[in-house]
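Enquirer: Mind folding the following:
(one chain, ligands or ions: 2)
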Amino acid sequence: MPSHISPEKNLKKIYEIIKKIEKLKEEKNALILAHNYQNTDIQKIADFKGDSLELAIKATKTDADLIVFCGVDFMAETVSILNPDKKVVVPCKEAKCPMALQLTPEMVKTAKKSGYPFIAYVNTHAEVKAEADVCCTSANADKIAKRIAKDGICYMGPDANLAAFASKGVKVIPIPKHGYCYVHKMFQVEDVVIAKKNYPDAEVIVHPECDVEVQNMADFVGSTSQMLEYVKKSDSKMFIVGTEIGLIERMRIETDKKIVPLRKSVCIEMKLNTIDGVLRALSMEENIVKVDEEIAKRAKKAIKKMFDVMSIVV
Ligand code: 13P
Ligand code: SF4
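Expert: Numbers count the residues shown, from 1 in each chain. Ligands and ions are numbered 1, 2, ... in the order given. Coordinates of the predicted model:
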């Protein structure tokens, strides 16, 4: 907040923006979807919050004419691919996941020459999904790998830590070898050692994009929504959480548990979205997300295959 604006004035401004958003949403039959890493203002005005998988499923079940998607580029692309007849807009066009750039369509094509299937993490662009056999998210990477592997072998990219997480009884070869998310790379083994010493009664839960050594020290590893669910259902009163700060804020709002970040780690790209941006996207219907028809058709096959393998009816 600029220093010349008092907290009261700022609150009033936010309240006015929220009122405008509510009115426009009604008038335009619009739906606001927000990823768990969005800031709390956006989470408050969202019709639905969730992880990548939940948001993709939700997008197939709406009769809204306009979808305002608050997250990063690959998520909005997935929503657009699944809803070719709906208008999908984003608050900020620059909100792009840097990890998604680490895997190219050529890398997928080259790997597939070996004859083994390729699983594209949903954190990829449509052109990459179009070359893959199936998609996965952090909520189902291990299950998809188990069901899709040929002779116990498959490829997965771009996140090498997710590939390691999914290697349960099957060999999941990461492409590229060391693909990573900079937000989750921040968490170190030493952070877990210190946190466990400071909070011996807490459970440690982390995202599968964390380094394998960090995953191995955790009580639970799962997608953002799976972590939230775990906290809500567990009898424990305290949790050390290794993921982006937006989910930690959501956990604090929605549970009465003590939530300690393993380390404060922020996804700068996710935070480019603001409620001003949501209002602009909603009123001007600007920043439209549209994927080339031919690519979208092929990418949709890989996304649909994920739903089929998981027996998700969309
Ligand atoms: P989830 O699907 O678990 O929400 O993860 C998305 C993501 O970008 C994690 O960095
Ligand atoms: Fe991409 Fe990591 Fe940000 Fe998720 S947290 S959107 S993987 S950079």
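Enquirer: which element is L33 on?
Expert: Secondary structure from DSSP states H and E places L33 in strand 30-35.
Enquirer: tell me what that strand is packed against?
Expert: Applying 3 or more CB pairs under 8 Å, 6 or more residues apart in numbering; DSSP states H and E, one finds that strand 30-35 contacts helix 7-28, helix 40-45, strand 48-50, helix 52-60, strand 66-70, helix 275-284. Placement of C-beta: from N, CA and C, glycine included.
Enquirer: quick one: which of these is nearest ligand 1?
Expert: Nearest of the helices and strands packed on strand 30-35 to ligand 1, taken as CB to the nearest ligand atom: helix 52-60 at 3.3 Å.
Enquirer: Give me the contact status of that closest one with ligand 1.
Expert: Yes. For helix 52-60, a contact with ligand 1 is found by CB under 6 Å from any ligand atom, at S52.
Enquirer: can you list the residues that contact that helix?
Expert: 33, 35, 48, 50, 67, 69, 71, 75, 78-79, 82-83, 122-123, 137-140, 223, 225, 303, 307, 312, 314 (CB atoms under 8 Å, 6 or more residues apart in numbering).
Enquirer: And the buried ones among those, selectable in PyMOL?
Expert: Applied in PyMOL, the following selects the buried portion of the contacts of helix 52-60 according to 16 or more other CB atoms under 10 Å:
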select buried, resi 33+35+50+67+69+71+75+78+79+82+122+123+137+138+139+140+223+225+303+307
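Enquirer: follow-up on the earlier one: highest mean neighbour count out of the helices and strands packed on strand 30-35?
Expert: strand 66-70 (a mean of 27; mean count of other CB atoms under 10 Å).
Enquirer: Could you check that strand against ligand 1 for contacts?
Expert: No. Shown here: strand 66-70 not in contact with ligand 1 (CB under 6 Å from any ligand atom), separated by at least 12.8 Å.
Enquirer: Can you show me the CA trace of that strand as PDB?
Expert: Output in PDB follows, covering the C-alpha atoms of strand 66-70 (Å, rounded to 0.1, in the frame of the first residue of the first chain):
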ATOM      1  CA  LEU A  66     -17.500 -15.600 -18.500                       C
ATOM      2  CA  ILE A  67     -14.700 -17.200 -16.300                       C
ATOM      3  CA  VAL A  68     -12.200 -14.900 -14.600                       C
ATOM      4  CA  PHE A  69      -9.300 -17.200 -13.800                       C
ATOM      5  CA  CYS A  70      -6.900 -16.100 -11.000                       C
END
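Enquirer: three-state assignment of the nearest residue to R263 once chain neighbours are set aside?
Expert: Nearest-residue entry for R263: D191, 5.1 Å, with adjacent residues in sequence omitted and distances by CB to CB, 6 or more residues apart in numbering. Three-state call for D191 (DSSP: H, G, I helix; E, B strand; the rest coil): helix.
Enquirer: In this structure D191 contacts K264, no?
Expert: No. Look at D191 against K264 with CB atoms under 8 Å: they stay out of range, at 10.7 Å.
Enquirer: Relative to L103, how far out is V172?
Expert: According to CB to CB, to the nearest Å, V172 stands 14 Å off from L103.
Enquirer: what's the closest non-adjacent residue to the residue of the stretch 1-150 of the chain found nearest ligand 2?
Expert: Closest to ligand 2 within the stretch 1-150 of the chain is C97: 3.3 Å, counting by CB to the nearest ligand atom. Distances taken as CB to CB, 6+ apart place V72 nearest to C97, at 4.3 Å, with adjacent residues excluded.
Enquirer: Who are the contact partners of the one you found?
Expert: V72 touches 35, 95-97, 100, 267, 269-270, counting by CB under 8 Å, 6+ apart.
Enquirer: which of D191 and K264 has more neighbours?
Expert: Each of D191 and K264 has its neighbours counted (other CB atoms under 10 Å); D191 has more, 20 against 9.
Enquirer: Give me the pLDDT for that one.
Expert: Note for D191: predicted pLDDT of 98.
Enquirer: That one and I32: what is the separation?
Expert: Taking CB to CB, one finds D191 at 34 Å from I32.
Enquirer: who's L66 bridged to?
Expert: Note on L66: beta-bridge partners A30, K87, judged by DSSP bridges.
Enquirer: I'd guessed it sits against E26; true?
Expert: No. In this structure, L66 is not within contact of E26 by CB under 8 Å, at 11.6 Å.
Enquirer: Three-state assignment for Y155, please.
Expert: strand.
Enquirer: Quick check: it vs T62, distance?
Expert: In terms of CB to CB, Y155 sits 33 Å off from T62.
Enquirer: So for those two, which sits in the more crowded spot?
Expert: Neighbours of Y155 and T62, each counted by other CB under 10 Å, are more numerous for Y155; the result is 25 against 17.
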